[in-house]
Every structure is written in structure tokens, then in C-alpha cells.
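>>> Here's a sequence, model it:
(2 chains)
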Amino acid sequence: MTEENSSLNFIEQIIADDLAAGLSPDKLRFRFPPEPNGYLHIGHAASICLNFGLGEKYNAPVNLRFDDTNPAKEEQEYVDAIKRDIQWLGFKWAIECYSSDYFQQLYDWAIQLIKEGKAYVDGQSAEAMAEQKGTPSTPGVAGPFRDLSVEENLNLFQRMKDGEFEQGSYVLRAKIDMTSPNMLMRDPILYRVVKKAHHRTGTDWCIYPMYDWTHGESDYIEQISHSICTLEFKMHRELYDWFLDQIIDPAKLRPIQREFARRNLSYTVMSKRKLLELVQSKTVSGWDDPRMPTISGLRRRGYTPESIRNFSDLSGISKRDSVTDVSLLEYCIREDLNKVATRVMGVLDPVKLVITNYPAGKTELLVSENNPEDPNSGTHELPFSGELYIEREDFKEEAGSNFFRLTLGNEVRLKSAYIIKGESVVKDTEGNILEIHCTADLDSRSGSGTEASTRKVKGTLHWVSIQHAITAEVREYDRLFLDEAPDSNEDKNFMEFVNPDSLKIISKAYLEPFLADAKVGDKFQFQRLGYFTLDKDSSAEKLVFNKTVGLRDSWAKQKPTPTAQSNPSNSQKSNPKPAQDQQVRSAINEIQKIAKKYTNLSGDKLAAARADIARLAEEVSYEELEPLFQTAAKKVGTRIGAMITLGVLLNKGQARNSEIEAFIAAGLSDENELLVEEAKVVGSGQ
RNA sequence: UGGUCUAUGGUGUAACUGGCAACACGUCUGAUUUUGGUUCAGAAGAGUCUAGGUUCGAGCCCUAGUAGACCAACCA
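Residues are numbered from 1 along each chain as shown, chains lettered A, B, ... in the order given. Next up, the predicted model:
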């Protein structure tokens, strides 16, 4: 299926190594283990695509396991949402599992640990235990419960299970090492008392196993070969292995845990706790608010499963923390939607356009391509008349030659219709434009085959016929946060960076009537504007469209941004350094650039490069050159460039000084012949 | 102050047992275009955190630094 030639990520490398070391391919099994305490987000998508992708690649089963060991936080609603999201992404799990399925087995193993003297019940306060635990740099000490007898432990644990103790009063701990440099090994808790009904086991249990005690053992029960989690669990691996050691049957497969870096996205937050805070504070309308980085939010925004999977592929997997720029996500959705979205026209900020020479009252049906990228996509009808709306932004009474749109006296094409020419404007007393009057070249109708219909004009505008247009609400979204990494600021809460203008509602946009039949989730390209999808808030009386993402817009980059809002990516601190590439490159920089690859050249190219450097050197001052004398020894090319430049300067009368002599001397004794040669020339040439 | 991990263009990832640092996004040109979209052609941008060492040869191996992340929840 997947090509063998593409390079493996480090997880795949590990698997390949295990296979090479004798692991049977049919033992391969993976799992995706979410806690049902929130909605899945784009970061989870990385894990989902990794695990299920591995399943597809190796033809191995992938379990979906709900890690539901904390009834205080988990709910059925989240289980349902998670399943829906994974299915929507297009993945199929082998078995739907729950950690709670293993409560009895886990309990039995805990009893075994107690009997072996490897676990004990502790009745101290959380504070007392934390005290004894020490700190990362100071070892912990044993508490008074550590040496209870097996009988006493068995008795106390039974009473914990029977509900005799209050929440928070007793815990079961593993007896490992209170002085371990790994805090997790300092007698971690296995069980705590939680008197709350569980979404699946109800009130069967009042003691619940902790993550560490549960996870590895669950992997073992399910015979997961590779248990892949995020980097923050790296420290847990030692414990994971210790727990496995206690119960493992050597005849069975032993799971291994491996960790990869969490995926962060710029201008958003990605922890469930923070996303929950956004929901609960009503900053957003819910987990599926289109501004949320949740799978459900992205789906509602108009993202496709393909785009998200592709994003995960392109992002890659590694072990270092990183922040992927949203531009990659936007690229992925544009690329997908460009192929599949039906082209339509809609005007968001209308101004009236009257075609004075179009017969009054006449209407006609034009033909509009559904998607020029897909020859099989067909066409739809598009009503035209003498009174239209166009985008207010698409008209200026006068403009420079780089404005390709409608001005007085200039021609543009109305997409799929006629070429028109701006003639005059009607204004109100305050000077606001009420109507634009123009004339059409009635011979130029698109597709009519006339000579006029194939004329080239500089611009093409989208439009909508006033009498035929339908109206809709359109919601445009900007990034939710103004900071590139809102949750990584030392002393500021991420909520301080919430973008107050992340939602812009256009309550009355005018759309072509074809859109009246749109269904929730349908994807459209409003030509020249962007991609839009019909939102679930739509009703028979009122359509609501979400803007998924705008089209790439090289025009927007050229014009001075009227408000910082329209292009926040440049307004924030995103570029601490000035854009170095737009400055005029100085001669010395040019020399460095050429010299960098000098040693790779030969023959004519080498001679040409040397001539270029010598020519550029004419413009270099000694003050610019001197710092290059410090160039590291291994950057030979740069040193040669500096040597050639120095020769030119000396010929121009630059006086010799100790720095120069030292640089020449160093060049003479260098191993690189080219450098030695240049040094000789410079050293001898008076 | 302890332990663990990480460090490659603006961003994200490659570079097989050491052998001319590659790909994608982004940026910039030009061509095409009835979407300032798409497509096509091209360019700029990194000597791989620093300093040493091993080697004919180091992004990769070794040593010492530096920086960042993680670890002291009865969360996962």
C-alpha cells in the first residue's frame, strides 16, 4: 500500500527494528486510548492518524480504548462524540474497549501485589504523603503505613472496596522506592476512593485504579504491541515497566511504551482543560464552535476528513516540541476543497450596479461551471438581469493600474456573463455611493462563442442578480487568539489573548438562488472570496454559512492593510526579526553567499565565482570585511571569499595590520589548497 | 540544586550502517487563467545550538557547555 521508499518516522523505525529482531507481524496491535472527559482536537488527530495509520500500514488491528478510570470527570456524551469523530475521520477500530472492563482483573492483581508485600494501604492525608515524597532534587522518606503486615493491608483494602472509608481517607500504594530520582517511583498510588457513579459500572465500585496502574496492564490484557503516547508520559515508562514486571506471563507479548511530541497549532490552545474553559466561559458557543481546534469544530467550520488526515501526514512525527503554523492546515483544506467545492457567487458587502443598456425587465439564465478543476462536475443555471449587486470593494471611481477591478471608464468581466464598463455613480448627499451605472458589451456573453465573448479584460468580478438573489447569514472567523502561543506566556493567562473580533456576522449576504437547495455540510467556493459550508444553525427560513477559509489572496498582501485585523498574522509579534530578505543585499553579504559554496565549484564556474567576488569586493569597506577574519576554520569557502576580498582591498591601498597578517598566515597554513593559493597571492602581492 | 528528554532555513519534518543537507508549508519572481483562485516554471532562505575531540571525511559518533520541555495531582 504505502510506498517503501518514503522515509520512516521514528516510531515506524522502532517497529521495523522490532520486526527485524523477530517480532511476528501478526503480533502487531495498536490502540488509541482517549479519556472521555472532553472532545477530541486536532492534536488528538495526530495520535489517531499515527495509530490507525500504523494499523493500515502493517495491516494490524487498532483498538479504541476509553481510559475511564475517573468517574468524576468522564461522561457518556464524550464517549459518543469521540466515536463520532474517529469514524468521521475515516478510521475503523478493531475492538471498542474500556479500562473499566478490566476493573476486576486490576483488583485481583492488586491483591496479588499486596500478598507479595509490594503494595500497602496508606491512611495519611494527601499533604502528609506529599511531604514524605520529597522533591525532584531531594529524596523522599517512608511513611508510617509502609510496613503494615500483609494481613492488615488485605483487611484495609477490603474495607476500602466495601465503602467503609470516606473519599480521600485511604489509598493503596505500590511499595517501590521512596528515594528514586523519578518521583513517579516513590510509592505511587494504585487505588483511591471515589464515591461517584461511573458512566458504565455505576456504583459497583467505590475504589478506582489510577492511570499508571491501569494503562500498561490494559495494554497487556489487550496484547498491544506498541503503546504510543505523548512525551509527557516519558517519565511514566519506568513505572509502566515495573507494573508489567509484576504480573507478566513471559509466554505472552509484552507491550512497550514509546512517546512522541504533542502537536501544537499556532494561535490556539490545545489542552482539554483550556478548551473546556473556553466552552464554560461562553467565549465560544460550544465544543463544536467553528473557531475551536476540536475535530467537531473543524468539521462544522467546513474542514474535510481528508484535509485533516493530510495535515497529520504533512506535519510528521518527532520527539521535540513544536508549534505547527496554521498556514499548513489552511493549505490542506484549500487543496482539498479546491478539488471538490462547487463554485457559486455571493456578495457579502453589496453595492448596486445598474446596466443602463440592458433591456429593462429582461432576465436570462446563464450557465455557470460547477468546478473548473473537475470536468465532470457539470454546470448550473445562473439568473442575470440589469440590476445586480457587486462587492463594494470591487469598485473605485479612480484607481491605479494595479487595481484590476471596476473603475469609471474601465472594463471588467462579470463572471460567466458580460463585459461591462463603468460610466457613472449615484451618490447620496454625504457622498456615499448608492449605485454604479455601467454599460455592457451585449455581444460579450460568456460562452456565446462571439469574438467579443473571448476578449481579454483585466479583471473579473462576482455578482448576483438583485431580483433573483436569496439572502443568508454568513459567519466569518478569525483566529481565536491574538498570540501565536497563547498558553506559553510566563505570567499571563491564555484567556488574556482571546481575540475579541474572532467572529464576524454578516446578517444579510446576497447569494445566487442555486444555494437555496444547499444542505448542511455542503461545501462551496464563493468565487473570489473563499470556501463556505452550510451550518447546522440553518433553517428553512434562514440559511447560515460558515466561512471555512479564504482563498489565497496575493492582492491583499500588496495593498496596505486598512486594519491590522484583516491580516493579523503580520500584526503580531510573529516576526521578531525584520524580514531580512527584502533589504537590499550588501556586497559583503553577496560575497559570503557566493563564497559559501566556493569549494564545491570547479573549472569555469570556479573562475566565474572568483571574478564575481573580486568585482563585488570593490564595494566592500575594510570595516565590513574584518569580522569575517573570525570565520570558523571549517567554513573554508567563506574564508576564501574573505581572502579574495582582502586582496582587492590591499590593491586599493588598504594598509596592512596585525589582524590582516594573522588572517593571511592562518590561510597559508590551512589544509585547503584553494585557500592556501589565495593566501599566497594576497601575502605576496604588494 | 536532582533526574529524563530535545536541539537541522521563518515553520514542520528528511538525510539508511558517518560521504555534496532534501521535502512540504510560507515568502518572492515570471507564465497561464473569464476566480488577484488553480496550474506551470523558477528564485531566495540552513554549513545542522556552542566549544573541543575521533575520522581521509561528522547533522549523525565521543566529551564539556548552553537553551528549551517534562517530573513533587487521591488527573489522564
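>>> List the contacts of the residue of chain A found nearest RNA strand B.
Residue nearest to RNA strand B within chain A: A:Ser446 (2.4 Å; C-beta to the nearest atom of the strand). C-betas here are computed from N, CA, C, even on glycine. By C-beta atoms under 8 Å, 6 or more residues apart in numbering, the contact list for A:Ser446 reads A:Leu366, A:Val367, A:Arg413, A:Lys415, A:Ser416, A:Ala417, A:Tyr418, A:Ser453.
>>> Let me see the confidence value for it.
On the pLDDT scale, A:Ser446 is placed at 95.
>>> for it, helix, strand, or coil?
Assigned with DSSP: H, G, I helix; E, B strand; the rest coil, A:Ser446 falls in the coil class.
>>> Okay, strands next: where are they in the stretch 101-250 of chain A?
For the stretch 101-250 of chain A, the strands defined by DSSP state E, counting those that start in this stretch occupy A:119-122, A:171-174, A:189-193, A:207-209, A:226-230.
>>> Let me have those in JSON lines, extended by distance to RNA strand B and mean neighbour count.
JSON lines is the format used below for the strands of the stretch 101-250 of chain A (distance: least, C-beta to the nearest atom of the strand, whole Å; neighbours: other C-beta atoms under 10 Å):
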{"stretch": "strand A:119-122", "distance to RNA strand B": "7", "mean neighbour count": "24"}
{"stretch": "strand A:171-174", "distance to RNA strand B": "5", "mean neighbour count": "24"}
{"stretch": "strand A:189-193", "distance to RNA strand B": "3", "mean neighbour count": "21"}
{"stretch": "strand A:207-209", "distance to RNA strand B": "6", "mean neighbour count": "24"}
{"stretch": "strand A:226-230", "distance to RNA strand B": "8", "mean neighbour count": "20"}
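>>> May I see the ones you listed organised as CSV, with mean pLDDT added?
Converted to CSV, the strands of the stretch 101-250 of chain A look like this (pLDDT from 0 to 100):
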stretch, mean pLDDT
strand A:119-122, 98
strand A:171-174, 98
strand A:189-193, 98
strand A:207-209, 98
strand A:226-230, 97
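>>> Out of those, which gets nearest to A:Asp441?
For the strands of the stretch 101-250 of chain A, the distance to A:Asp441 is smallest for strand A:226-230, at 61.9 Å, taking C-beta to C-beta.
>>> what comes into contact with the closest one?
In this structure, residues lying in contact with strand A:226-230 by C-beta under 8 Å, 6+ apart are A:11, A:14-15, A:18, A:28-31, A:33, A:47, A:50-51, A:54, A:215-216, A:219, A:240, A:255-262.
>>> Partner strands of it, with direction?
strand A:256-260 (parallel) (DSSP bridges).
>>> near RNA strand B at all, the partner strand?
No - in terms of C-beta under 7 Å from any atom of the strand, no part of strand A:256-260 sits within range of RNA strand B; the closest distance is 7.7 Å.
>>> chain center to the very next helix or strand once past that strand, what's the gap?
Counting by DSSP states H and E, the next helix or strand C-terminal to strand A:256-260 is strand A:263-265. Relative to its parent chain, strand A:263-265 has a centroid offset of 5 Å by C-alpha atoms, centre = their mean, to the nearest Å.
>>> Give the partner strands of strand A:263-265 in its sheet and their orientations.
strand A:322-324 (parallel).
>>> Flag every buried residue along the partner strand.
A:Thr324 (16 or more other C-beta atoms under 10 Å).
>>> Rounded mean pLDDT for that strand, please.
95.
>>> quick one: low-confidence ranges for chain A?
A:1-5, A:560-609, A:612, A:615-616, A:619-639, A:658-659, A:662, A:666, A:669-674, A:685-686 (pLDDT under 70).
>>> for the residue nearest in space to the middle of it, which residues make a bridge with it?
Nearest residue to the geometric centre of chain A (C-alpha atoms, centre = their mean): A:Leu265, 4.1 Å. Beta-bridge pairing of A:Leu265 under DSSP bridges involves A:Thr324.
>>> What are the neighbouring residues in contact with it?
Here A:Leu265 is in contact with A:Ile42, A:Gly43, A:Pro293, A:Val323, A:Thr324, A:Val326, A:Leu329 (criterion: C-beta under 8 Å, 6+ apart).
>>> redo that, cut-off 6 Å
Counting by C-beta atoms under 6 Å, 6 or more residues apart in numbering, A:Leu265 touches A:Ile42, A:Pro293, A:Thr324, A:Val326.
>>> could I get those as a markdown table with distance to RNA strand B and secondary structure?
Formatted as a markdown table, these follow (distance: C-beta to the nearest atom of the strand, whole Å; DSSP: H, G, I helix; E, B strand; the rest coil):
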| residue | distance to RNA strand B | secondary structure |
| --- | --- | --- |
| A:Ile42 | 13 | helix |
| A:Pro293 | 15 | coil |
| A:Thr324 | 4 | strand |
| A:Val326 | 9 | helix |
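>>> By neighbour count, which of these wins?
Counting neighbours by other C-beta atoms under 10 Å, A:Ile42 leads the contacts of A:Leu265 with 25 neighbours.
>>> Setting aside sequence neighbours, what's the nearest residue to that residue?
A:Pro293 (4.8 Å; C-beta to C-beta, 6 or more residues apart in numbering).
>>> Over to A:Glu116?
A:Gln246 (7.8 Å).
>>> measure the one you found to A:Lys456 for me?
Distance, A:Gln246 to A:Lys456, by C-beta to C-beta, to the nearest Å: 78 Å.
>>> which ones among the contacts of A:Ser446 are found in strands?
Mapping the contacts of A:Ser446 onto strands (DSSP state E) picks out A:Leu366, A:Val367, A:Arg413.
>>> The second one reaches A:Thr379, doesn't it?
Yes - between A:Val367 and A:Thr379 there is a contact at 5.0 Å, judged by C-beta atoms under 6 Å.
>>> Now do the end-to-end distance for stretch A:251-266.
In stretch A:251-266, first residue to last residue: 46 Å (C-alpha to C-alpha, to the nearest Å).
>>> What is the distance between it and the centre of its chain?
The answer for stretch A:251-266 is 20 Å, by C-alpha atoms, centre = their mean.
>>> and what of stretch A:274-294?
How far stretch A:274-294 lies from its chain's middle: 17 Å, per C-alpha atoms, centre = their mean.
>>> tell me which residues in it are buried?
Buried, per 16+ other C-beta under 10 Å, within stretch A:274-294: A:274-275, A:278-279, A:284-285, A:287-294.
>>> With secondary structure and distance to A:Ala509 as extra columns, can I get those residues in a markdown table?
Shown next, in a markdown table, are the buried residues of stretch A:274-294 (DSSP: H, G, I helix; E, B strand; the rest coil; distance: C-beta to C-beta, whole Å):
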| residue | secondary structure | distance to A:Ala509 |
| --- | --- | --- |
| A:Lys274 | helix | 33 |
| A:Leu275 | helix | 30 |
| A:Leu278 | helix | 27 |
| A:Val279 | helix | 28 |
| A:Val284 | coil | 22 |
| A:Ser285 | coil | 20 |
| A:Trp287 | coil | 27 |
| A:Asp288 | coil | 22 |
| A:Asp289 | coil | 20 |
| A:Pro290 | coil | 16 |
| A:Arg291 | coil | 19 |
| A:Met292 | coil | 23 |
| A:Pro293 | coil | 26 |
| A:Thr294 | strand | 26 |
